[in-house]
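> coords below, sequence missing:
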C-alpha cells in the first residue's frame, strides 16, 4: 500500500524495521497490502491529519468508517464505490456453513451476570430463553464492525477432535487470545450459521455484496493477519502452528455484522491455554504457502 502522505509510508517502514516482532509484522502488512483502491486510500488519509503514525490514522478510519459508532452505520468495507477491489462477487453458496469463535467472558459473572454452567445446561437442553440471554448481549455492541469468519467445511476434521478449540484458535490465526494467563477464565462459544443467513441480514440493511477480503484497514493492527495478492479470490488465515503433515490454508472471509440467534450457539467450552506461538515463524510458513498457491513468487518483497 502506497500512501500519498509520505509520513505514513515512513511510519510503516519504521514499524517493519523495528525489533518488536508484533509491530514489525504490522508495519510489513501495510507495505505489502494490494487490495485497497486509490479512492479508499485517499479517504483514509483524511483521518488524524496531525498524526504521522500510520496506526493512529488507520484506527481513526476504522472507528469512524469501517465500524461506525451506531447501529445501522454503512460500513465502508461494503461500499462498492470505494472497496470494489476487495469485495467478493455475489457467488458465495447460500448453503455454505460458516463458523466464528466468540470469547464470552465479558458476558459472564461477575461482569455480565450470566452463569457459564447454566449456559452449558441450556445448550444441552436447547433452552431458547437462556441461550437468547447470551446472544442478546451481542446486540449491545456499537456500530457495524465486520466479522472475520471461516467456512466450516475447511476445519471439519479439526472440529471432530478432542482438542478442537486449540486447533481452531491456531488454524484460524486467533493470536489475540494469547498470551494465555493462568487463572483467568477463557470461555468461548462456537457460533455456526449459513451464508444465506448472512445474505438475508445484509439485504435487510441494503447491502448487496456482503462478503469481502479483509485488508489492513479491517484487521486492527493484528500481526496474525496477512494480506493476499490482488485478484486473489479469498484471504487465508495464518496457522499459528507448524503441521506435520501440512494442512491446506483455511480461507478467511469477512462479512457484515451478523446478529446471532440462540440457534447459532453450537458449542460452549473453556480453554486450558497453550504456549505463545512464534508469530514470525508462522508468518514465514504462511508466506511460502501463499506464494505457492497464488503463483506470486515475489509477493511480500518490499526491499527495506
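That came through fine. Here the structure is a predicted model, which means the values were calculated and not measured.
> how about the nearest residue to residue 107 once chain neighbours are set aside, phi and psi?
In this structure, residue 107 finds its nearest non-sequential neighbour in residue 137, 4.5 Å apart by C-beta to C-beta, 6 or more residues apart in numbering. All C-beta atoms are positioned from the backbone trio N, CA, C, and that covers glycine. Residue 137 adopts backbone torsions of phi -60, psi -30, taken as degrees, to the nearest 10.
> so residue 137 makes contact with residue 113?
No - look at residue 137 against residue 113 with C-beta atoms under 8 Å: they stay out of range, at 9.3 Å.
> the two - which one has more neighbours?
Per other C-beta atoms under 10 Å, whichever of residue 137 and residue 113 has more neighbours is residue 137, with 17 against 10.
> now do the strands in this structure.
Along the chain, counting by DSSP state E, strands occupy 97-103, 147-151, 187-194, 211-212, 235-236, 251-255, 265-270.
> want to throw these into JSON lines with mean neighbour count?
As requested, those are exported to JSON lines (neighbours: other C-beta atoms under 10 Å):
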{"stretch": "strand 97-103", "mean neighbour count": "19"}
{"stretch": "strand 147-151", "mean neighbour count": "20"}
{"stretch": "strand 187-194", "mean neighbour count": "19"}
{"stretch": "strand 211-212", "mean neighbour count": "23"}
{"stretch": "strand 235-236", "mean neighbour count": "22"}
{"stretch": "strand 251-255", "mean neighbour count": "22"}
{"stretch": "strand 265-270", "mean neighbour count": "17"}
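> list residues touching both of residue 137 and residue 113?
residue 107 (C-beta atoms under 8 Å, 6 or more residues apart in numbering).
> so who does residue 293 touch?
236, 249.
> the same query, at a cut-off of 7 Å, please.
If you count contacts by C-beta atoms under 7 Å, 6 or more residues apart in numbering, residue 293 has them with residue 249.
> distance of it from residue 226?
In this view, residue 293 and residue 226 are 12 Å apart by C-beta to C-beta, to the nearest Å.
> cool, and residue 234?
Residue 234 sits 12 Å away from residue 226, taking C-beta to C-beta as the criterion.
> looking at those two, which is more packed in?
For residue 234 versus residue 226, the count of surrounding residues by other C-beta under 10 Å is larger for residue 226: 25 against 16.
> distance check, that one against residue 233.
Taken as C-beta to C-beta, the span from residue 226 to residue 233 is 16 Å.
> identify whichever of the strands of the chain lies nearest to residue 204.
Residue 204 lies closest, by C-beta to C-beta, to one member of the strands of the chain: strand 251-255, at 13.9 Å.
> elements contacting that closest one?
Contact partners of strand 251-255 among helices and strands, from 3 or more C-beta pairs under 7 Å, 6 or more residues apart in numbering; DSSP states H and E: strand 147-151, strand 211-212, strand 235-236.
> and the angle for that strand with strand 187-194?
80 degrees (axes from the mean of the first three to the mean of the last three C-alpha atoms, to 10 degrees).
> residues in contact with strand 251-255?
If you take C-beta under 7 Å, 6+ apart as the criterion, strand 251-255 is touched by 77, 146-151, 154, 198, 210-214, 218, 234-237.
> state the mean pLDDT of it.
In this model, strand 251-255 has a mean pLDDT of 96.
> surely residue 31 touches residue 11?
No - the criterion here is C-beta atoms under 7 Å, and residue 31 misses it with residue 11 at 10.7 Å.
> off-centre distance for the lengthiest helix in the chain?
Looking across the chain with DSSP state H, the single longest helix is helix 279-294. Relative to the centre of its chain, helix 279-294 is centred 18 Å away, using C-alpha atoms, centre = their mean, to the nearest Å.
> got it, and stretch 192-207?
18 Å.
> hmm, back to that, pLDDT score assigned to the residue nearest to residue 107?
Reading off the model, residue 137 has pLDDT 93.
> what of the one 4 residues further on?
Turning to residue 141, the model gives it a pLDDT of 91.
> try the one 10 residues further on
At residue 151, the model reports a pLDDT of 97.
> same question, residue 91
83.
> center of the protein, which residue is that?
Compute the mean C-alpha point of the chain, and by C-alpha atoms, centre = their mean the closest residue is residue 148, 3.4 Å away.
> what about it, distance to residue 175?
As defined by C-beta to C-beta, residue 148 lies at a distance of 12 Å from residue 175.
> now residue 68
With C-beta to C-beta as the criterion, residue 68 and residue 175 are 25 Å apart.
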